[in-house]
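**Q** any chance you can model this:
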Amino acid sequence: MQGDFSALLQKAISHERLEGYSRRKEMQGNNSLFAHYAWNLALSESLYPALQGIEVALRNSMHDAALNRFGSATWFEGDLLHERDQRFVTVARNALLSAGKTMEPSRILAELSFGFWTSLFDVRYEQRLWPWLLKPVFPYMPRRLRTRAELSRRLNKIRLLRNRVFHHEPIWFWQDLKQQHRNLLETLSWINPAMPRFIGIIDRFPRVAETGCVPYHEQVANLFLQP
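**A** The predicted structure follows:
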């Protein structure tokens with residue numbers, strides 16, 4: 001069944017998606033191709049808790065700090081935001097409207113993408129949000145590092161990783177993936193140190209990354225042998 005199984009699997013995943021794997025020099029036939037695809041799935045899955053954790057914690061910390069600063073739960077409306085970011089809010093409102101949900105500020109905030117929150121650290125917000133919100137949003141960040149530019153750099157790198165994971169793109173060959181995981185948890189600890197400790201009880205990334213692709217080679221090979 002090896003030929004049929006390989007063809008069926010390639011059809012399910014698509015040639016285009018597998019092309020990002022097949023171009024790599026590490027590939028030695030279909031077994032290696034599908035093993036790396038499986039390992040990439042496992043890596044992506046193992047990163048989800050930390051990525052979800054920082055998305056939620058950043059959103060809530062930003063909202064709490066902005067609420068205290070501007071005195072309104074709808075601080076994201078009006079002239080505070082640039083036009084592009086106001087469109088994010090409009091999209092969120094339309095999504096809630098289509099779902100028949102109420103326009104409560106908490107619902108709108110939950111609907112906003114991670115890209116919206118990271119965009120608030122762009123230089124164009126230097127005199128609108130920062131430096132006043134730096135310490136309230138990241139109260140546990142070392143003072144020597146606590147700048148908008150440093151946070152923008154970190155959060156945009158996290159956003160890139162998140163987008164690759166959530167869009168099912170290859171990440172297994174990234175040389176700094178382990179460091180990115182450590183930076184992700186460190187950045188989260190600067191918001192709230194309880195969160196990385198909590199995530200630690202389910203965080204499988206270190207083990208999945210360290211084990212590598214070998215176990216998936218064996219399991220894929222067994223699939224090819226099945227009648």
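**Q** what's the closest non-adjacent residue to the residue most central in space within the chain?
**A** Closest residue to the average C-alpha location of the chain: R162 at 2.4 Å, with C-alpha atoms, centre = their mean. Leaving out its chain neighbours, the residue that sits closest to R162 by C-beta to C-beta, 6 or more residues apart in numbering is L51, at 5.0 Å. Every C-beta, even on glycine, is put in place using the N, C-alpha and C of the backbone.
**Q** thinking again about what came up before, which residues outside the helix or strand hosting the residue nearest to the centre of the chain are in contact with it?
**A** Taking DSSP states H and E as the definition, R162 sits inside helix 148-166. If you take C-beta atoms under 8 Å, 6 or more residues apart in numbering as the criterion, helix 148-166 is touched by 44, 47-48, 51, 54-55, 58, 114-115, 117-118, 121-123, 125-126, 130-131, 134, 138, 141, 169-171, 180, 183-184, 187.
**Q** just the ones of the residues you listed in helices?
**A** Applying DSSP state H to the contacts of helix 148-166, the entries found in helices are 44, 47-48, 51, 54-55, 58, 114-115, 117-118, 134, 180, 183-184, 187.
**Q** one step back: how about the residue nearest to R162, what does it touch?
**A** Each residue near L51 by C-beta under 8 Å, 6+ apart is listed here: 158, 161-162, 165-166, 184.
**Q** for the lowest-mean-pLDDT helix or strand in the chain, name the packing helices and strands.
**A** Of all helical and strand segments in the chain, the minimum by mean pLDDT, DSSP states H and E falls on helix 15-22, at a mean of 73. Packed against helix 15-22 by the contact rule (3 or more C-beta pairs under 8 Å, 6 or more residues apart in numbering; DSSP states H and E) you find helix 29-70.
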